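Visitor: The following comprises the amino acid sequence and a computationally predicted model.
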Amino acid sequence: MKINKRKAGVVETMLEYWEGRALLSPEQADTLRGSYEVVGFDWRRLARAAFWVAVSCIVFAVGSALADEEVRRLLRLLFTAPPAVKAVGFALSAAAVFVVARRERERSPDHPYRNEAVLTLGVMLVVPAVAYFGQAIDTGS
C-alpha cells in the first residue's frame, strides 16, 4: 500500500506503541512495516496542472475582454496609434512596473520569485517600447 509521509508517521507511531505494549510481536511489526510504502508529493503533476489552469485563465480572460465593445474600441485605438505614442506608452508602463518592482523588493525581499516575475514583466514591456521607438525614428532608408 502507498501512503504519504504524514500517514506513515501515524502508522509507525501505532506500530511502536503496539510493539511496546506487547500487542504485536517484533516479527508482526516488521511484516506490517514492510506492507506499506511511503510516497512523496508529485510536484511535476501539480506544476503541469497549474500550467494548464493558467493557460485556461488566459484564454478566458482574453475572450472576456474581447467580448466587451468598449475594450475592443480601446484596443482599436491603441493599435492605430502612431509608433511614437505606442513607444512612449510602453516605456511609461515599463518604468511604472520597474518602480513597483523596486518597492516590492525593498518591502519583501523574502519573495524572490514574485519580485523577479514583476521585473520580467517590466523587461517584457521594454521590448515593444524599443521596437516602436525604432519604427518612430525610421526614415525609410
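Guide: Good, I have the coordinates. Numbering: from 1, shown residues only.
Visitor: switch to C-alpha atoms for all contacts and neighbour counts from now on
Guide: Fine.
Visitor: elements contacting the lowest-mean-pLDDT helix or strand in the chain?
Guide: Ranking every helix and strand in the chain by mean pLDDT, DSSP states H and E puts helix 69-79 at the bottom, with a mean of 86. Other elements packing on helix 69-79 under the criterion 3 or more CA pairs under 8 Å, 6 or more residues apart in numbering; DSSP states H and E are helix 43-67.
Visitor: that older thread, now the least confident helix or strand of the chain and helix 43-67, what's the angle there?
Guide: Interaxial angle, helix 69-79 versus helix 43-67 (axes from the mean of the first three to the mean of the last three CA atoms, to 10 degrees): 90 degrees.
Visitor: chain center to helix 69-79, what's the gap?
Guide: Put simply, helix 69-79 sits 29 Å off its chain's centre (CA atoms, centre = their mean, to the nearest Å).
Visitor: Check which element follows that helix along the chain.
Guide: The first helix or strand that comes after helix 69-79 along the chain, using DSSP states H and E, is helix 83-107.
Visitor: Give me the mean pLDDT for that following helix.
Guide: Mean pLDDT, taken over the full extent of helix 83-107, equals 95.
Visitor: Just the angle for that helix relative to helix 69-79, thanks.
Guide: Inter-element angle recorded for helix 83-107 and helix 69-79: 110 degrees (by the same axes, to 10 degrees).
Visitor: And whichever helix or strand comes after helix 83-107, what's buried?
Guide: Next along the chain after helix 83-107, taking DSSP H and E as the criterion, comes helix 112-137. Judged by neighbour count (16 or more other CA atoms under 10 Å), helix 112-137 contains these buried residues: 115, 118-119, 122-123, 125-126, 128-130, 132-133.
Visitor: can you put the residues you listed in TSV and add pLDDT and distance to V97?
Guide: What follows is these, written out as TSV (pLDDT from 0 to 100; distance: CA to CA, whole Å):
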residue	pLDDT	distance to V97
N115	89	11
V118	92	7
L119	93	7
G122	94	5
V123	95	9
L125	95	9
V126	96	10
P128	94	14
A129	95	13
V130	95	16
Y132	93	19
F133	95	19
